[in-house]
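Chemist: can you look at this prediction? I've put the sequence above it.
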Amino acid sequence: MDTLPKAGQSAAEVLLLALLEARPRHGYELAKLIEQRSAGALEFHVASLYPLLYRMERRGWIEGRWVEKAGERRRRFYKLTASGRKALAEQRASWRSFLKGMAAVALGGEALS
Amino acid sequence: MSGSADWEAFVRERLRLPHLAAPRQLEVVAELAQQLEQAEQEALARGLAPAAARAAAAAQVTDWTRLAHSIARAEAPVESHLPPRTLAWCDAAHDLRHALRGWRRAPGFTLIAVLTLALGIGATTAIFSWVNAELVRALPFRQPGQLVQMLSTAHGRNVSVSYPDYLDWKAEAARPGSPVAAMAWDQALNFNLSGAGLPEVVNAADVSADFFSTLGVAPRLGRLFSPGADTAAARPEAILSDGLARRQFGVAARALGQTVNLDTRAFSVIGVLSPSYRDPDQTDIYIPAGLELKDNMERGDRGDTAVIARMAPGASLGAVRERFTAVTERLARSYPQTNSDVGLAVMPLRAAFVGSDAPMLWLLLAAVGLVLLIACANVANLMLTRTAARRQEWTIKQALGADRRRLLRQVLVESLVLGLAGAAGGLAVAWAAMRGLAALLPGAGQADMSWPVLGFAAAAGLLAALVFGLGPALMAGRGSLHTASRGPATQRGRKGLVVVEVALALMLAAGAGLTIKSFTRLMAVNPGFQPQHVLTWGTRLAGPRYDGRQPARLHFEQQVLAAIQALPGVEAAGLGTNLPLTGNHSRSDVTILGRPLPELGKFPHPDMHRISPGYLAAIGLPLLYGRNFTEQDGPSAPKVALVSASFAAAFWPKGEAVGKQFLGGHPAPDNHQAYTVVGVVGDTQQYGLDAPARMEVYLPYQQGPPDTPQFVVRTSLPPMSLRAAVSAAMQAVDATAPMVDPQSLDQVLAASVANPHATLWLLGIFGGVALLLAAIGIYGVVSFATQQRTAEIGIRMAMGAGRGAVARLIGGDSLRLVALGIAMGIAGVLAIGRLLAASLFEVSATDPLILVAVSALLLLVGALASLLPVRRAMRIDPLRALRSE
């Protein structure tokens, strides 16, 4: 995988980090976003999404928190931590060229620009 | 409608997270329940019925075990708490499911791949089953590797062992330090068996008491011979093969204690061997050696015997050879009259079981292995096409974090599934092919679906999977968006495969071509007689009526011949002893009178025949000069002989053979067997169309009628239609005389070339399949390349290139591949020519004509396979091609 910036860091992680950069989101929303924006090309299964979120949480890149809003269900929202922001920034540089191609194929060309 | 509590219960039931702390478990369960519930809500909002919505949500997670493992791993980033093996199995199961799903999604591809593999594996397995039966399968004896066969030699040829020699060998074997632990005697005999079921001529053997214990064989029923069986006081007991016991008594067990007659002696059945027992002579009944002692006491007499020995543990063939060569030399000094030029041959017992088939079998296995390789190349090609198509899937998977080894493994698992499916189909093909083989060549009938054969098919499937899966797997590993999915590497791989396919196909086609040419040459050989319209069969005259009584034999034969000659359609009828091309023979030294005496061992050693006056006309053997035998050459008439052209040319080259004399055997005071040559007949291919003619001597039947005459009848009718009438004629003269093995002389001839004939067919079939597979491979690659170059071709056409130029571009590319393959194939033929040479007759393994012909054929096949893609390229519309880019 010589085209990827760092071993062990998958595009999916960056994808999630980037989606969380704007604002905290919960797991269901993340899955939906990826699926919609990639026009179905990327199916992010529950089975891969949550383990990935947990792993990133372990690393301290994101932080999950249960939020209960009035009239809504209790949900676990993930937000980017400072170290997650740093990780995202670090990777962005090396990912940029790759992500352009990636965006064209996987994310409908709109996100992460 | 379900609430979040329901979903939590749903998740809790399925997701086992024993390694997580309880609060964390609750959190995970709650979050996943939340996810599923939301999915359900959304489905309801889309208008799904409640049950369907719930099902859709539940379907978001299909493999809870896997999810639990993934979470466990994510929660413990340093190391998983789960034993790695559990995870590995879990992954493997996942890969397997994935593979099966993948193949279901591409049924056309899967079908073609599996069929191709089934064909390749099936054909290889069928040939292997045969090789296994003949060359590999362990002999049905205890520690067969220790067993050797010991024979005497005379003038460099293997000959039988005389009983007194055997006794001396055996005494040596019993001495301390002998490399031989046990030694046994086995002499082949023939008898008319009667007294139970239908009378038949059986292959019998008189054996020493320790014959079966030396082999390490126990009877299935009853017992073996007791030690007294080696003495003249042996009781008339017999041990039957399973086959004979069943033929004669219906059920093997019923044979025990029964009595059977061999010729005129009664034997009681004391044992029956197991069905798996076999011996090279296909012996059906064993009797004690002691009963035949009186016939075996001459040191110079050699029947049809073999000495079987079991080497002591650790002893080598060389040690046995050395020790017993010394014995042989001692015997030669002690008995110069009989043993002066007698040597020793020691060989593994297996050698006695392997006929002359071995080179042919290895050749066929090699050939069919090439077919399997071509099949693999084709499937690899298909896989590469699919790889290209799936490149995007893999790229995305990698981007999403699938690691490279996983992907590699997934492709390999897919290949394995395909390979095993191919092996399963291959077994079906092999089963059918083995039946076909048995029809083509009766000797192959021993092949069966044994464990080694099943294992071979499975191994072939796995190996094939590895061969055709490796390329695509490696490419999957390298995959990324930056590697152009249809990049030069893939194309190079596919082109390489086509080159290899063409090369292998050329080798097979060359093999087939050479065999055809060789067979044509073989069939063009003049056998020396005219085999068409001739019926032949044998009989065996036994019992007190005929024993040693020549007039009785003569009477029987003359009566039968007279009856046959009276049958409608019979043109000539005669009697002989050893028909050409059957392998039957008897030879003897002769002394040419009036010439200097040769030294011992250099005497002429022609084949000896006994023939009646009608024999020459019946078999179609020409009398070159002199006269034929007549009824006047009777028992009391002067001894006369006919000799073959080779014989006459060797001693009387100027055509003056008639009137000359020779002596049967060596000169001795009591040898009065001088024969006068009365005529010279043509040579025959006594030992096969591909064997040189030998010197042959024919003596009058009436002057020494044998007990196993062979009838030869020339007829204007289809030969086999005469069978019933002939049988009736024999029965009318003597109802006890069996009609043995009636067949047309054409059949005898066909049987003598059965091996080359089968090789011809099989190599022909393999060559044809190889050409077909190569054509499919070429077609696949050229049409894929054409598709890839649509835009390029469009531009070229837009720039003014004509259709001819396009055809040359695409066709030229493909023919270059074919030409490269042809060059490699010819190199291959030159390299393995020696393997082929053993099976060829009067054709060089590098016959230029054949090589040129098959090269042209391959070019033609290549051109035909490229035709469709080239035509498609010529019809490309430049505008549309460019727009699609």
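Modeler: Happy to help now that I have it. All of these numbers come straight from a predicted model, not from anything done at the bench.

Chemist: measure the spatially most central residue of chain B to B:Ala770 for me?
Modeler: In chain B, the C-alpha nearest the mean C-alpha coordinate belongs to B:Trp130, at 3.7 Å (C-alpha atoms, centre = their mean). Computed with C-beta to C-beta, to the nearest Å, the distance linking B:Trp130 and B:Ala770 is 20 Å. Glycine gets a C-beta too; all of them are placed from N, C-alpha and C.

Chemist: how about stretch B:96-109, does it reach chain A?
Modeler: No - contact check for stretch B:96-109 against chain A, using C-beta under 8 Å from any C-beta of the partner chain: none in range, with a minimum separation of 12.9 Å.

Chemist: got a list of contacts for that stretch?
Modeler: Contacts made with stretch B:96-109 from outside it, assessed by C-beta atoms under 8 Å, 6 or more residues apart in numbering or on different chains, are listed as B:110, B:382, B:386, B:410, B:413-414, B:416-418.

Chemist: how about 6 Å then?
Modeler: Under the contact criterion C-beta atoms under 6 Å, 6 or more residues apart in numbering or on different chains, stretch B:96-109 has outside partners B:110, B:413-414, B:417.

Chemist: what's the answer for stretch A:82-89, then?
Modeler: Under the contact criterion C-beta under 6 Å, 6+ apart, stretch A:82-89 has outside partners A:17, A:60-62.

Chemist: just those now: which is nearest chain B?
Modeler: Distance ranking of the contacts of stretch A:82-89 against chain B, using C-beta to the nearest C-beta, places A:Gly60 first at 10.7 Å.

Chemist: and the closest one, what does it touch?
Modeler: A:81, A:83.

Chemist: do that again at 10 Å, thanks
Modeler: Taking C-beta atoms under 10 Å, 6 or more residues apart in numbering or on different chains, we find A:Gly60 in contact with A:81-84, A:87.

Chemist: can you check B:Glu42 too?
Modeler: Shown in contact with B:Glu42 (C-beta under 10 Å, 6+ apart): A:28, A:32, B:48, B:53, B:56-57.

Chemist: before we move on, the earlier item: tell me the buried residues within the contacts of stretch A:82-89.
Modeler: Among the contacts of stretch A:82-89, those that count as buried by neighbour count (16 or more other C-beta atoms under 10 Å in any protein chain shown) are A:17, A:61-62.

Chemist: narrow the residues you listed to those in strands?
Modeler: Those of these mapping onto strands are A:Ile62, per DSSP state E.

Chemist: before we move on, what SS does A:Phe77 have?
Modeler: The three-state label given to A:Phe77 by DSSP: H, G, I helix; E, B strand; the rest coil is strand.

Chemist: now do the same end-to-end measure for stretch B:537-549.
Modeler: Distance between the boundary residues of stretch B:537-549 (C-alpha to C-alpha, to the nearest Å) amounts to 22 Å.

Chemist: about what we covered before: can you list the contacts of stretch A:82-89 in JSON lines and add pLDDT?
Modeler: Shown next, in JSON lines, are the contacts of stretch A:82-89 (pLDDT from 0 to 100):
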{"residue": "A:Leu17", "pLDDT": "87"}
{"residue": "A:Gly60", "pLDDT": "86"}
{"residue": "A:Trp61", "pLDDT": "89"}
{"residue": "A:Ile62", "pLDDT": "91"}
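
Chemist: which two from those end up farthest apart in space?
Modeler: By the measure C-beta to C-beta, the contacts of stretch A:82-89 have their two most distant members at A:Leu17 and A:Gly60, which lie 12.3 Å apart.

Chemist: of the buried ones among the contacts of stretch A:82-89, which is the nearest to B:Val368?
Modeler: B:Val368 lies nearest to A:Leu17 out of the buried ones among the contacts of stretch A:82-89, by C-beta to C-beta, at 57.5 Å.
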